[in-house]
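S.K.: Here's a sequence, model it:
(one chain, ligands or ions: 1)
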Amino acid sequence: MRPPQAIHNWQMDQKADLNQTEQKPQYISAFRALSGYIRLHLWAFIGVFCCTLIAILSELLQPFLMKIAIDDNLLAGKNDYKGLLVICAIYLALSLSSFVFTYLQSNLLQHIGQSIVARIRNQLFGHIMKQSMRYFDRMSSGSLITHVSSDTEALNQFFNQVLLSLFRDGLTLIFIIVMMFQLDTTLALYCLILLPIISLVAIAFRSFMRTTYQLARTRLSRMVAFVAENLSGMNLIQVFHQQMEQEKQFNERNGSYFKANIREIRTNVVFGRTFDILSNLSIAFVTWIGGSAVLDHNLEFGVLYAFITYIRQFFQPINTITQQWNTLQSATVAVSRIWTVFDSKPDITDRAEQREVLLPEKVKGRIDFDDISFSYEEGIPIIRKLDLHIEPGELIGVVGTTGAGKSSLISLLCRFYDVKEGRIRIDGTDVRDIPQSTLHRVVGLVQQEPFLYSGSIIDNVRMFDESITREEVIQACEFVGADSIIQKLRNGYDTLLSERGSGLSAGERQMISFARIIVFKPKILILDEASANLDSHTEKLIQNALHVVSQNRTTIVIAHRLSTIMQADRIIVMSRGEIVEQGSHKQLLACGGHYRELYEHSQGHVAV
Ligand SMILES: Nc1ncnc2c1ncn2[C@@H]1O[C@H](COP(=O)(O)OP(=O)(O)OP(=O)(O)O)[C@@H](O)[C@H]1O
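M.R.: Next up is the predicted model:
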């Protein structure tokens, strides 16, 4: 069976990429989406707020303390050494407090952020797992991986950078302004004149930085997509000697990413330095205005000193908040992308009023396809009015040309999709009335490309179900004849398979799936035969395995080699979603129709 989502992966990745750049951030809905999670950690957030408050106050009181030391002690000529010592001690205590509470605040916020992101990641994965096949036809695996990895990472940055900055820098700004007004209203008002200029510069840079940031991200994702595509098509590249060509294309993409990065860095540096210049201009301005006031004895020197320190501190938070803008934007886009996934509902669900109408151990295995019709897309029929009735224990072979609808028929029986018209019944019960967990215990599937997980052979046969013993697994493998294959592997049953069982041939993987069937004992077995040419030894092993596994089971075999199903009780010949012939091998040969044609092709060693 062809994995449906593989068809348009590349094209869809491109689409996903375009969507990523086109999507506009929607701040309010993003905050609304996250608010439920934030509420769960409300007390911790209040803790962060308090720590931030104490840390900022500790920091901002230091210049004020210096002002007291200068004006009330040093310049007052009191020679109060003890008072000076007390001020120094308080200064140190404030520094310590600032250090401790900044540490607590950022640790607490990191902890909240990581917990929220871990929870969202879990929910997202769980949600994706519940989707039906139609969803995976629409979504590329690449974009789903992006949602679970990069998008949740963007959220992580939101909590650890943006939120931290909004808390800390926002409050710092407010407190600096309050302290300035506290010290001297006139001088504070002069400083506020600077605010519109600072804001204009920040806004101008923000849009410029957004463009350079997005350019760099788009070029990075194009480069990553290129690498991923090349890795998956490596054999093709090597067969066609395309290494040099691909290297050239990679160099181009890498070069343009490099340029975009340099542009982004340059913009950031220019922005940072512009702020430095603005900060120095402000200091010069305040020194001139404040200094004149000091000379005229209208202002105390300590106040001027504190003002200059506050001006220096004033620019830092504005700078940081502006720099966080891009992170805020990508986090907002990530939230809307994640919530689009959360919004999708599986179209195959258990009916609410479902009762356990079918007991898996009591199933006899009768299957009825009652005049079923089906299409993946509206207006393109794949199965048309197909009527087929299979007796318990029957072995049915299904043959037909490529695209005839054989795999689709099986997908409908497994309820990966629902029929458009008609119904499919198992022992008289409509599959839509059978809970999916029961249905999948009744119907066992050995796929054309069986999926093996990273893990040992034992775990792959028992699907990590620890209640199935090692002995049962070994017995099952011996029963289907997979034992001889497994014994040849380096560590026998404990051999660790790499991702998707890539160390084994298609035939060997199918043999392991046969053992799964024995272990899980489904009453109905579907085999989508491996279409790859198998060596005669493995082919014989598979035929023997099929023979033993099909005993006392209703078995449907989608055959790519007629030799597999010549002994079947009945052979169904499909063409364009319809059954065009059915009967035994001999009867169909005698008819001289489609089957005979297929048989003659196969005798000429052409795959069916
Ligand atoms: N997920 C899908 N989305 C849209 N169309 C699909 C999907 N899967 C299959 N099709 C289309 O449905 C038709 C029947 O496909 P199906 O895989 O059932 O044929 P098949 O007889 O099993 O072919 P093969 O022997 O090559 O596996 C084909 O035209 C195919 O392109």
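S.K.: What parts of the stretch 451-600 of the chain come near the ligand?
M.R.: Contact residues (Cβ under 6 Å from any ligand atom) of the stretch 451-600 of the chain with the ligand: there are none. To be clear about C-beta, it is placed using only N, CA and C from the backbone, and glycine gets the same treatment.
S.K.: can you map out the helices along the stretch 451-600 of the chain?
M.R.: Assigned by DSSP state H, counting those that start in this stretch, the helices in the stretch 451-600 of the chain fall at 457-462, 470-480, 483-487, 506-520, 536-549, 562-565, 585-591, 594-603.
S.K.: Is it possible to get CSV of these that adds mean neighbour count and mean pLDDT?
M.R.: As requested, those are exported to CSV (neighbours: other Cβ atoms under 10 Å; pLDDT from 0 to 100):
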stretch, mean neighbour count, mean pLDDT
helix 457-462, 24, 87
helix 470-480, 18, 87
helix 483-487, 17, 85
helix 506-520, 23, 83
helix 536-549, 17, 78
helix 562-565, 19, 81
helix 585-591, 15, 89
helix 594-603, 16, 82
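S.K.: and these as a markdown table, adding distance to Ile116?
M.R.: As requested, the helices of the stretch 451-600 of the chain are exported to a markdown table (distance: least, Cβ to Cβ, whole Å):
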| stretch | distance to Ile116 |
| --- | --- |
| helix 457-462 | 33 |
| helix 470-480 | 41 |
| helix 483-487 | 45 |
| helix 506-520 | 38 |
| helix 536-549 | 48 |
| helix 562-565 | 53 |
| helix 585-591 | 62 |
| helix 594-603 | 58 |
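S.K.: For Val335, which of those is the nearest?
M.R.: Among the helices of the stretch 451-600 of the chain, the nearest to Val335 by Cβ to Cβ is helix 457-462 (36.7 Å).
S.K.: The closest one - contacts with which helices or strands?
M.R.: Secondary-structure packing of helix 457-462 (3 or more Cβ pairs under 8 Å, 6 or more residues apart in numbering; DSSP states H and E): helix 470-480, helix 506-520.
S.K.: Using CSV, write down the CA coordinates of the first one.
M.R.: Output for helix 470-480, consisting of C-alpha atoms alone and laid out as CSV, is shown next (Å, rounded to 0.1, in the frame of the first residue of the first chain):
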residue,chain,number,x,y,z
ARG,A,470,9.7,-13.4,24.8
GLU,A,471,8.8,-17.1,24.5
GLU,A,472,5.5,-16.3,22.8
VAL,A,473,7.4,-14.1,20.3
ILE,A,474,10.0,-16.7,19.5
GLN,A,475,7.2,-19.4,19.1
ALA,A,476,5.3,-17.0,16.7
CYS,A,477,8.5,-16.4,14.7
GLU,A,478,9.2,-20.2,14.5
PHE,A,479,5.6,-20.8,13.5
VAL,A,480,5.7,-18.4,10.5
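S.K.: Just put the helices and strands packed on helix 457-462 in JSON lines and tack on distance to Leu53.
M.R.: Shown next, in JSON lines, are the helices and strands packed on helix 457-462 (distance: least, Cβ to Cβ, whole Å):
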{"stretch": "helix 470-480", "distance to Leu53": "60"}
{"stretch": "helix 506-520", "distance to Leu53": "59"}
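S.K.: wait, what's in contact with the residue nearest the centre of the chain?
M.R.: Taking Cα atoms, centre = their mean, the centroid of the chain lies closest to Val148, which sits 2.2 Å from it. Shown in contact with Val148 (Cβ atoms under 8 Å, 6 or more residues apart in numbering): 121, 124-125, 128.
S.K.: Got a ChimeraX select line for the buried ones in these?
M.R.: Selection of buried members from the contacts of Val148 for ChimeraX, criterion 16 or more other Cβ atoms under 10 Å:
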select :121,124,128
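S.K.: Distance from the chain centre to the helix or strand encompassing Leu92, please.
M.R.: Secondary structure assignment for Leu92, by DSSP states H and E: helix 81-129. Between the centre of helix 81-129 and the centre of its chain there are 29 Å (Cα atoms, centre = their mean, to the nearest Å).
S.K.: Following element in sequence after it, please.
M.R.: Note on helix 81-129: by DSSP H and E, the next helix or strand toward the C-terminus is helix 133-138.
S.K.: and the next helix or strand after that next one, does that touch the ligand?
M.R.: Where DSSP H and E defines the elements, the next helix or strand beyond helix 133-138 is helix 141-146. No - applying Cβ under 6 Å from any ligand atom, one finds helix 141-146 separated from the ligand by no less than 13.6 Å.
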